[in-house]
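Novice: Fold the following and give me the result.
(one chain, ligands or ions: 1)
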Amino acid sequence: MHIRTIAWQRDAVKIIDQTKLPQRLEYLYIKDLKSLWQAIKLMRIRGAPALGAAAALGVYLGIRDSKTKDFKQFKKELEKAISFLGTSRPTARNLFWGLERMHRAATINKDKAIPRIKEILFKEAQKIIEEDRVTCRRIGYYGAKLIKDKDTILTICNAGILATIDYGTALGVVYRAKEEKKRIKVYACETRPMLQGSRLTTWELKKNGIDVTLICDNMAATLMRQGKITKVITGADRIAANGDSANKIGTYNLAVLSRYHKVPFFVAAPASTFDLSIKSGKSIPIEQRSEREVTELFFKLPIAEKNIKVFNPAFDVTDNALITAIITDKGIIRPPYFKNIRKIIKNIFRDTLSFG
Ligand code: MRU
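Specialist: Here you go, the predicted structure:
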């Protein structure tokens, strides 16, 4: 299946509207910064690496019509767009990494004419997109080494094509294993409340010929007790210097269950998901989302008492001690994480700036 989650086309940011899946594969053409911000907020585009690309293209949308010829003024406009995009969703490190790359691309070229800087920024966003395609395939390459013929993999949320540009992180490992002719099965947690597992993961796995079975989130323990799961692989939104990893709410449950049932638990993520400026998962900002995601089925059908109190964190943090290994585009990282992450994820550390 050759689809791209995000691209530049017809002078606009073209995205798959993921809120319409699996009923319809519908594309949106976004031409202004505010609409892009909304698309991120409403999860029309989502998944950490895809958010990095969206943020970068969003910065370009934010400055492309700037009239100024003065770099100081241009920088002000650029930073306004960057700060605005930074308020869309707080947890995915990749989003801020994308913003930082755009900021850096502008400032190191500050002596050039503004139209030239705009071109450079456009190219930088394109580079982020192209790099992601390679990065995910590298994750797939390293990750598939851990997969045996006839493995049955449990995953949560969507860390696939739809969360990246066109291949995926956790699901990239699955795709690569299939390309290597390994016979594998996947169980997908539906992933309440926004159902990325049932709506998105099953959709793309089925389209790519992967044997996938959908389960409700509360069925994972039973599957493990029955010995049906040989590996758990999830994505990540932000990984701290000690390996603590934030991912979709419910990931931590799976990690605890995996430990009890002695099932290896893997996290797959690119270097751009690491936040080496924070020591542990305690400092990862966790997005709290609307109560309506829990009390209504997709903002349509009420499924709870009116005015009920709701707790709706979008992510949780899995302690490094529960993670068997982290699969990255630079290789597989095993414990002790604090030491080994620093060895492998060097340049991201050096490049880290301070937008979030
Ligand atoms: O709220 P979402 O759908 O953006 O959450 C996405 C996830 O939790 C993914 O697992 C994570 O971003 C990794 S995507 C390769």
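
Novice: Around the ligand, pick out the residues from the protein.
Specialist: Within the chain, the positions lying close to the ligand (C-beta under 6 Å from any ligand atom) are 43, 46-49, 92, 157, 159, 163-164, 169, 196, 235-237, 247-248, 314. Bear in mind the C-beta positions are built from the backbone N, C-alpha and C, glycine included.

Novice: Neighbours of Glu305, how many?
Specialist: Residues near Glu305, counting by other C-beta atoms under 10 Å, number 8.

Novice: can you tell me which residue is nearest the centre of the chain?
Specialist: Geometric centre of the chain, nearest residue: Ala48, 2.1 Å, by C-alpha atoms, centre = their mean.

Novice: Mind checking which of the residues of the chain next to the ligand are buried?
Specialist: Those of the residues of the chain next to the ligand that meet the buried threshold are 43, 46-49, 92, 157, 159, 163-164, 169, 196, 235-237, 247-248, 314, by 16 or more other C-beta atoms under 10 Å.

Novice: which residues in the stretch 201-350 of the chain form helices?
Specialist: Along the stretch 201-350 of the chain, counting by DSSP state H, counting those that start in this stretch, helices occupy 202-207, 220-225, 251-261, 292-295, 337-344, 346-351.

Novice: What is the distance between the third one and the centre of its chain?
Specialist: Remark: helix 251-261 is offset 21 Å from the chain centroid, using C-alpha atoms, centre = their mean, to the nearest Å.

Novice: Could you do stretch 67-86 as well?
Specialist: Between the centre of stretch 67-86 and the centre of its chain there are 26 Å (C-alpha atoms, centre = their mean).

Novice: Quick check: buried residues in it?
Specialist: In terms of neighbour count (16+ other C-beta under 10 Å), stretch 67-86 has its buried residues at Phe71, Phe74, Lys75, Leu78, Glu79, Ala81, Ile82, Phe84, Leu85, Gly86.

Novice: Also stretch 53-70?
Specialist: In terms of neighbour count (16+ other C-beta under 10 Å), stretch 53-70 has its buried residues at Ala53, Ala54, Ala55, Ala56, Leu57, Gly58, Val59, Tyr60, Leu61, Gly62, Ile63, Ser66.

Novice: My read is that the residue nearest to the centre of the chain contacts Ile239, right?
Specialist: No - using C-beta atoms under 8 Å, Ala48 is not in contact with Ile239, being 10.1 Å away.

Novice: anything in contact with each of the two?
Specialist: Shared contacts of Ala48 and Ile239, defined by C-beta atoms under 8 Å, 6 or more residues apart in numbering, are found at Arg93, Ala269, Thr273.

Novice: quick one: low-confidence ranges for the stretch 51-200 of the chain?
Specialist: Within the stretch 51-200 of the chain, no range satisfies pLDDT under 70.

Novice: all strands of it, in order?
Specialist: Applying DSSP state E, counting those that start in this stretch to the stretch 51-200 of the chain gives strands spanning 152-155, 185-189.

Novice: and these as CSV, adding mean neighbour count?
Specialist: CSV is the format used below for the strands of the stretch 51-200 of the chain (neighbours: other C-beta atoms under 10 Å):
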stretch, mean neighbour count
strand 152-155, 24
strand 185-189, 23
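
Novice: mind putting the ones you listed in a markdown table, distance to Leu200 included?
Specialist: Output for these, formatted as a markdown table (distance: least, C-beta to C-beta, whole Å):
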| stretch | distance to Leu200 |
| --- | --- |
| strand 152-155 | 11 |
| strand 185-189 | 9 |
